[in-house]
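Novice: A structural model of the following input is requested.
(chains A and B, ligands or ions: 2)
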Amino acid sequence: MIVFLIKGLLRDRSRSLFPVITVTIGVMLTVFLHAWLKGEMGDIARSNANFTTGHVRIMSRAYAENKSQIPNDLALLGVEDLLGQLRLQYPDLQWVKRIRFGGLLDVPDSRGETSTQGPAIGLAIDLLSEESSEVQTLNIEASLVRGQLPSMSGEVLVSDEFAEKLKLQPGGTLTLIGSTMHGSMAMQNFVMAGTVKFGINAMDRGAFLADITDIQQTLDMDDGAGEILGYFQDGIYHDSLSLKIEEDFNRQYTHSGDEYAPVMFALRNQDGLGEYLDLANYISFIAASIFVGAMSIVLWNVGLIGSLRRYGEMGLRLAIGEDKRHVYGSVIIESLIIGIIGSVFGTLLGLAVAYYFQVHGLDIGSMVKNSSMMMSNIIRAEITPVTFIIGFIPGILSTLLGAALAGLGIYKRSTAQLFKELET
Amino acid sequence: MDDSAIIEIRGLCKRFPIGNKQFTALSEVNLTIEKGEFCGLIGPSGSGKTTLLNIIGSLDVPTEGSAIVLGQSILQLTHFQASQLRNKSLGFIFQTYNLLPVYTVYENVEFPLLLLKTPAAKRRKMVLAALEAVDLADKAKSKPAQLSGGESQRVAIARAMVKDPAIVLADEPTANLDAKNSHRILQTMVKLNRDLNTTFIFASHDEKVIGYLRRQISLDDGKVVSDLKIDTPLHSAALAAKDTRMSK
Ligand SMILES: Nc1ncnc2c1ncn2[C@@H]1O[C@H](COP(=O)(O)OP(=O)(O)OP(=O)(O)O)[C@@H](O)[C@H]1O
Ligand SMILES: [Mg+2]
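Specialist: Ligands and ions are numbered 1, 2, ... in the order given. Have a look, this model is predicted:
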């Protein structure tokens, strides 16, 4: 019987080809849209997490209040103790300390006099220790353009664009001029081991990456750090879990009046990222819903037209002795077959397009040239396990819904009525 | 009840709602049809022939009275039981042949057997035999669109006959056929009636059909107005046999 139905489906193009093509196109769009949103939204969240916010971020209360000014005079102290405590208390996260700082990079000529100069966006991370995850978190190895990674104290990385402006070659010397935690002037010579390009305009204009131990010395921040970031071990931001951790951590300090007491922020509660995450979810949800709705209407109509044309056939099948439920069931099965085939093709095509944009990406660098947003210049689609199945929801649901509604006509009409329509 | 009666209709009325009024299509119909009859409901257009045939075929239900077909009361059948009755025991032939256009002749005839879940080997034998009986074995692989009207109606007959039903119901089977083809399919049916003792009930006002009937049940305005037994129909089976030979 099923063979019989499939034969009919294959031979009647208006019953198979057209609906399958409709489903395929729709599913393809859904799959691609999903991968694209995932890629774009994910990238923004990830870039922010990696460079700025962590999955959770701890600062001193005072620092947090003025964090846009990077007030290192208000930085956390006793950081090693705090880190030890955090690692014990929240082993699900990887904890790292960072110092952000501003300063002037000064490149001397052979006589020791300034040849070029420029303002730097400084980031001090654990670059050197064996167990450090930072090189991986910031994807430094892949971002290296010239030279190599720092391998010893006193070596730093500079963004490629910035290094070029400073006319600095790998191996060259530069001087960081900044201010210590206590407000006095700091000056320290470094060797540029290599240059990097993150593909994020906000970083590539003037990044200066140094080992945190060096910077603690330079800025006189012994056992101090501007921020402590926590990252989930699996590299994925878990929204509700991070909020729970945030609440749990901050509870310990609610009664402290110390303005230097540490305070934790989940990614959601920083820089408007919460709204952003919600928006991302809404957009995906709404896009998917609109799509399911629109597709259902289209396919319902396709189904209706098909079924109207087929009321004669239905009547005949009923006359020959097929049960109503069986006829209805076969309409549903047909729609399922169409839905599945269309979804499979659509998913494959959608994945193909998404894959192309995952590999090649779309360069929007010129559009975000002056943006300080943590956002990659190249937007890439991102294929996740969900990408493989998301298309099946609208694909199958809409065909099923369409057929179910159209097929109701079979039930509404009496057998004799269908039969009459067969005669006309 | 007579043992050989396969259809018993008593006091049957059928009314259709039209707006807020009732239209009476059949009133007080009493009818007994026995196994092996070759009979027809005749009468002018609108007299209720199709309505009565549909009730006998369990496609519709009486408003009043009873219709008992093969021992089952049409009024009391569930949808499922009605479909079972049609599936196992009734064959339909329509004015417009109603073949499924995407399937071949063979597949069209095979369809009722698929519903009956007949095993494949047996199915094949039965389909070929039915096509043989209507002289269409060579068109098994054709699509309905490639057939003439007469051939299409013969496929429909094969489809109705393939499961060897107790009763075949034929509503205006010749309305779309020319004289030659009408005679041909009627002769085929006479022959099947004689060979298999299948009961045939027609609904028609076509003189050619009436000429083959051995019982003429006349309807007018929803009532049976006469019921005639014809011992020697105008077109006898012998003539039919000769005609078939001639037309070859
Ligand atoms: N579903 C329906 N609703 C309302 N009236 C109906 C319905 N079916 C049939 N009728 C009416 O019942 C009467 C008998 O119809 P029926 O189809 O049985 O006639 P018939 O004898 O088969 O005519 P014909 O020779 O034209 O086929 C007609 O007047 C018709 O209009
Ligand atoms: Mg009629």
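Novice: Confirm for me that residue A:87 is in contact with residue A:95.
Specialist: Yes. Using C-beta atoms under 8 Å, residue A:87 is in contact with residue A:95, at 5.6 Å. In short, each C-beta sits where N, CA and C put it, glycine included.
Novice: Looking at the two, which is more packed in?
Specialist: Neighbour comparison, residue A:87 and residue A:95: the larger count goes to residue A:95, with 21 against 13 (by other C-beta atoms under 10 Å in any protein chain shown).
Novice: Find the closest residue to chain A in chain B.
Specialist: residue B:87 (2.5 Å; C-beta to the nearest C-beta).
Novice: Make sure I have this right: residue A:263 is in a strand.
Specialist: Yes. Under DSSP: H, G, I helix; E, B strand; the rest coil, residue A:263 sits within a strand.
Novice: now for the longest helix seen in chain A, which elements pack on it?
Specialist: Ranked by residue count and defined by DSSP state H, the top helix of chain A is helix A:273-320. Where contact means 3 or more C-beta pairs under 8 Å, 6 or more residues apart in numbering or on different chains; DSSP states H and E, helix A:273-320 is packed against helix A:13-48, helix A:324-359, helix A:392-412, helix A:415-423, helix B:79-89, helix B:105-115.
Novice: Point out the most buried one among those helices.
Specialist: helix B:105-115 (a mean of 23; mean count of other C-beta atoms under 10 Å in any protein chain shown).
Novice: Tell me what angle that one forms with helix B:79-89.
Specialist: Inter-element angle recorded for helix B:105-115 and helix B:79-89: 130 degrees (by axes from the mean of the first three to the mean of the last three C-alpha atoms, to 10 degrees).
Novice: Do helix B:105-115 and chain A come into contact?
Specialist: Yes. If you take C-beta under 8 Å from any C-beta of the partner chain as the test, helix B:105-115 does meet chain A, through B:107, B:111-112, B:114-115.
Novice: just the helices in chain B please.
Specialist: So, for chain B - with DSSP H - the helices run B:49-56, B:79-89, B:105-115, B:120-133, B:149-161, B:179-196, B:207-210, B:237-247.
Novice: any chance of these in TSV, plus distance to residue A:408 and mean pLDDT?
Specialist: As requested, those are exported to TSV (distance: least, C-beta to C-beta, whole Å; pLDDT from 0 to 100):
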stretch	distance to residue A:408	mean pLDDT
helix B:49-56	23	94
helix B:79-89	15	92
helix B:105-115	22	94
helix B:120-133	32	95
helix B:149-161	28	94
helix B:179-196	37	92
helix B:207-210	38	94
helix B:237-247	47	48
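Novice: could these be laid out in TSV, adding distance to residue A:330?
Specialist: Converted to TSV, the helices of chain B look like this (distance: least, C-beta to C-beta, whole Å):
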stretch	distance to residue A:330
helix B:49-56	23
helix B:79-89	13
helix B:105-115	11
helix B:120-133	19
helix B:149-161	18
helix B:179-196	30
helix B:207-210	35
helix B:237-247	39
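Novice: Distance to ligand 1 added to the ones you listed, as TSV?
Specialist: Listed next are the helices of chain B as TSV, based on distance: least, C-beta to the nearest ligand atom, whole Å:
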stretch	distance to ligand 1
helix B:49-56	3
helix B:79-89	17
helix B:105-115	24
helix B:120-133	27
helix B:149-161	17
helix B:179-196	16
helix B:207-210	12
helix B:237-247	25
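Novice: List just the one of those helices that sits closest to residue B:37.
Specialist: Relative to residue B:37, the nearest member of those by C-beta to C-beta is helix B:179-196, separated by 8.5 Å.
Novice: That closest one to helix B:149-161, inter-axis angle?
Specialist: Using the same axes, to 10 degrees: helix B:179-196 against helix B:149-161 is 20 degrees.
Novice: what packs against helix B:179-196?
Specialist: strand B:38-42, helix B:120-133, helix B:149-161, strand B:199-203, helix B:207-210, helix B:237-247.
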